[in-house]
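>>> have a look at this fold, sequence not included:
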């Protein structure tokens, strides 16, 4: 130990760490493995990294620091760790909730978590009063207070700055976007009311979450059938519809915007969170959905070479898109990977931390489009295949979304035994239920490998009211074959034998849990040990939520999306042959290794 | 000379310069004192730095370079100087118009010039076609082509990207703002049609110029009385008006916006330049005018401590302000210095390069407000004084703006002899004419030093129709005293004796030329040798034009505005006394030295 280093003891853990003279306490704590939540990036303006100094020097706090501590009603022995320089041996105690903690992103499948660092932050304002001898402009005081000299001020916010909100020393709160721009100045301390919207904008279904940007907690969730369905059930039919007439693009756009606004209105009503407290939205959709939402033509996606207009976009004003949130709210469209592999897949990859370590892994998203991403070591390649909406319970006579009353799991015990979502009487069958039922039917001889229903009735009876028709089975069969042929071609083309696959992640909004074995029996998933397969549920939605909560992950998403190569199945002469072979319900064979 | 250097001869000058092997030709030319116009900042995408290689290596040009040269119909012996690396002795010839040239900013008074580097630039687009094997998104191709990975794309532009403009290999043009954002994609090559708007938004009068952003040439000019006059003749009465009723601020704003839109419409009609080819505007106005234009309250300017809401602002969307220009056009509000010293003064300082060298200098702007900036060495201090609108020909019975028919100069040759603007019959008297007339009247005994008109008629007869009343003289007298007392206090307070003044710049929109001696006889200007005084005319407007043409000057303006200190005359106990003394028409005395 030299003259210029000190011992810092950190309570309640009791951890001891050495600090150089003058070292900032928050850095010392981070080095000791106890990082604090540095909400304002160590600018000393949020007050969230306050600690109690039990033993050691207590220099006078600066005026702003004193006022921040006072606002939090903390005693005179408290200081901001990001301001405090170590000049003596110390004993410090961290406060509840001040430590940086990871929030779980996925409930199921694989571990995935995030440090909360949202684009939208709220900071309370304690502006210096202008005086006759220093009549500083309000905007300049604001920039100085927020330590952001280049801070953008939209005209709408500027026109508030001279108003009563900032007059008379009353508390007020600034809403910052990405530390670059002020979205609003609000009267009173509204720091606890910062919400965001995460949306999985699927071709068939739309799921939205209202998220507390401070805690990462999902406050409300809502889902609905995509209202664009009335103009076409899949992306190709919607592209065709948009192509027919210039107004149709706007019709499709309005349908999506209106639907999301309705979901928000419902969540707002149920949770009591007013819409103007929602400042940021993240949309995970496929490329076509993203283009339509932005009112951007999908004509170029209709014809070879099927190129998109955009892949990644800077954040947009939510009002430009048409969302009824806070008037200055922003929308982040998760970057698309390629024309037919969109931001929903990027979001899923982010949620599952798929880009993490070098390995041979498959990411399969089972939606109306089946998207497949193969990681071979550190390289990424993707393709998409048209599965149709059967996995989401559509194009199936008794199909339904994975909502209350849907049969989502089935077993055989002297006949079908069903489990329904929320244990309600069965109303229909969702995607995971269909997989179970078909696999059991296959095993029991109710269904042939060629997909033909046995017996004269040509129906698989489920309950008194519910049964699957031959056409229903065919639609599932086509969906399975589309995915299987895509996976098979990718593995062969990039020379990854099934035995060398380290992991398969299966994502999909089509049900709450998937029986891996049944999916393998039908040939939907490659035949690897079940322990290597994880069903991660609606990873697109989880990814949207993660991107809502973490700016660094947005940068990661941009980088990842840009580096994934694409294989177009449509340009492959062997695809049709592969597809026809895949129509048989059976486990993956050695021939696909 | 070593093995790795070559001789470059530059025609038509014949200058010879040595170049290192591999050195970029545009750098070599710049070093030789022949800088080329590097419009696209050496990104090789504008084609404007093409030179002819008469002698030396001619490597194959890259595809984009070849296409840019072909677009300009240049022969195979031409290359882009910003791409060409010297690998042999060379003889090169620069092309007409390719050299970087300074454009004069002020026509009068002091030399001031600018290198053209506007925020808005147009670049022709030669995008790579997407192919089936590389279906790159249009926006990505665009960013790659413009070598701007982080390029912002507003939704309005994005929705054009998939449209017919970029299809089928037709020429198209991108409009870039500050190399950061695309304002538009236009069909055809519109590179020659890039215009900007420079506005001097004065309290009494508004002057606008339509400027060619490529050449710096003023295409049209228009002026009008500020329509806000109907709500009050000076800033104080307009602040009061705005204070009375929340709608009044909007009324004032609308008056200014409508007036500027009308001026633009007129210039557009006369010049044939359509409004949607105007992409950028620079507004030089005082703090109150700037606040009103942005719809920002001026209440805080009404009462002590008279603080402004903003000093500098990021560029705003012109449509948010209400201007009818290109829908995505931007507006740059020249940064205000302090509450009562605005962007018009900053612009004037920029135009006259006042911040240039260390010296003792005065900058005096004679408008409705008299603003004074004192430079002492490298320090700057400013103040403002309420002169009233007499210098602009208002509050004077036969006063008028400095437009056609105004008496702007007077001499005595057995009676008044007048010169009028455009040599039309005299319609009235503008500011410079008033200075001449009063100085001559003083010398001839028609007017006493106390401002009393001699003789029983109490009128100074000018023509059969025109004469000055006692009240007219009083109004000019008050204006002169306001400026004189301000200047006197500043010089005394900052200990700059008149003899140590290196230069006085007099700016003002009030006439086309000022007789310095007459102004000194009245006591309007300090008594220094005439050679040290320059009348620089409407420097605010010239500064707005300079800031329209040069991004680096915008950075300079921000820095300068932020560092000028302010003295409030209102808080000075000795100001009233000084003002009363200054009411006498006489040359500055030793007492003010």
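Arrived safely. Remember, predicted model here, so these are calculated numbers, not experimental data.
>>> ok, residues contacting stretch A:24-41?
By C-beta atoms under 8 Å, 6 or more residues apart in numbering or on different chains, the list of residues contacting stretch A:24-41 from outside reads A:8, A:10, A:13, A:15, A:17, A:19, A:42, A:46, A:48-49, A:51, A:79, A:81-86, A:90, A:92, A:94, A:97-101, A:116, A:121, A:123, A:179. In short, each C-beta sits where N, CA and C put it, glycine included.
>>> in it, what counts as buried?
With burial defined by 16 or more other C-beta atoms under 10 Å in any protein chain shown, the residues of stretch A:24-41 counted as buried are A:24-29, A:32, A:34-40.
>>> span of stretch A:335-352 from start to end?
16 Å (C-alpha to C-alpha, to the nearest Å).
>>> near chain B at all, it?
Yes: for stretch A:335-352, a contact with chain B is found by C-beta under 8 Å from any C-beta of the partner chain, at A:336, A:338-339.
>>> can you give me the helices for the stretch 451-593 of chain A?
Secondary structure of the stretch 451-593 of chain A by DSSP state H, counting those that start in this stretch: the helices cover A:470-493, A:516-522, A:539-549, A:551-563, A:575-582.
>>> regarding chain A, what is its longest helix?
When chain A is scanned for its longest helix (criterion: DSSP state H), the result is helix A:246-271.
>>> does chain B have contacts with that helix?
No: using C-beta under 8 Å from any C-beta, helix A:246-271 never reaches chain B; the gap is at least 9.0 Å.
>>> pairing partners for the next helix or strand after that helix, with directions?
Sequence-wise, the next helix or strand downstream of helix A:246-271 (DSSP states H and E) is strand A:278-285. Strands adjacent to strand A:278-285 in the sheet, as given by DSSP bridges, are strand A:195-201 (parallel), strand A:330-333 (parallel).
>>> now render these as a markdown table, adding distance to residue A:465, mean pLDDT and mean neighbour count.
A markdown table is the format used below for the strands paired with strand A:278-285 (distance: least, C-beta to C-beta, whole Å; pLDDT from 0 to 100; neighbours: other C-beta atoms under 10 Å in any protein chain shown):
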| stretch | distance to residue A:465 | mean pLDDT | mean neighbour count |
| --- | --- | --- | --- |
| strand A:195-201 | 30 | 97 | 28 |
| strand A:330-333 | 42 | 98 | 26 |
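>>> now those strands in TSV, with distance to residue A:283?
Formatted as TSV, the entries for the strands paired with strand A:278-285 read as follows, by distance: least, C-beta to C-beta, whole Å:
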stretch	distance to residue A:283
strand A:195-201	5
strand A:330-333	5
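>>> that older thread, quick one, which of the contacts of stretch A:24-41 are buried?
Buried residues within the contacts of stretch A:24-41, defined by neighbour count using 16+ other C-beta under 10 Å: A:8, A:10, A:17, A:19, A:42, A:46, A:48-49, A:51, A:79, A:81-84, A:86, A:90, A:92, A:94, A:98, A:100, A:116, A:121, A:123, A:179.
>>> show me where the stretch 251-400 of chain A has strands.
Using DSSP state E, counting those that start in this stretch, the strands of the stretch 251-400 of chain A run over A:278-285, A:316-317, A:330-333, A:359-366, A:369-377, A:379-386.
>>> from the contact counts, what lies against the shortest one?
Secondary-structure packing of strand A:316-317 (3 or more C-beta pairs under 8 Å, 6 or more residues apart in numbering or on different chains; DSSP states H and E): strand A:330-333.
>>> in the stretch 401-550 of chain A, what residue comes closest to chain B?
Proximity to chain B, evaluated over the stretch 401-550 of chain A using C-beta to the nearest C-beta, is greatest for residue A:493 at 14.2 Å.
>>> buried deepest among the helices of the stretch 451-593 of chain A, which one?
The densest packing among the helices of the stretch 451-593 of chain A, expressed as mean neighbour count by mean count of other C-beta atoms under 10 Å in any protein chain shown, is seen in helix A:539-549 with a mean of 30.
>>> chain center to that helix, what's the gap?
Helix A:539-549 sits 1 Å away from the centroid of its parent chain (C-alpha atoms, centre = their mean, to the nearest Å).
>>> correct me, but residue A:275 touches residue A:325?
Yes: here residue A:275 lies in contact with residue A:325, judged by C-beta atoms under 8 Å, at a distance of 5.6 Å.
>>> mind checking how far residue A:389 is from chain B?
Distance from residue A:389 to chain B, counting by C-beta to the nearest C-beta, to the nearest Å: 25 Å.
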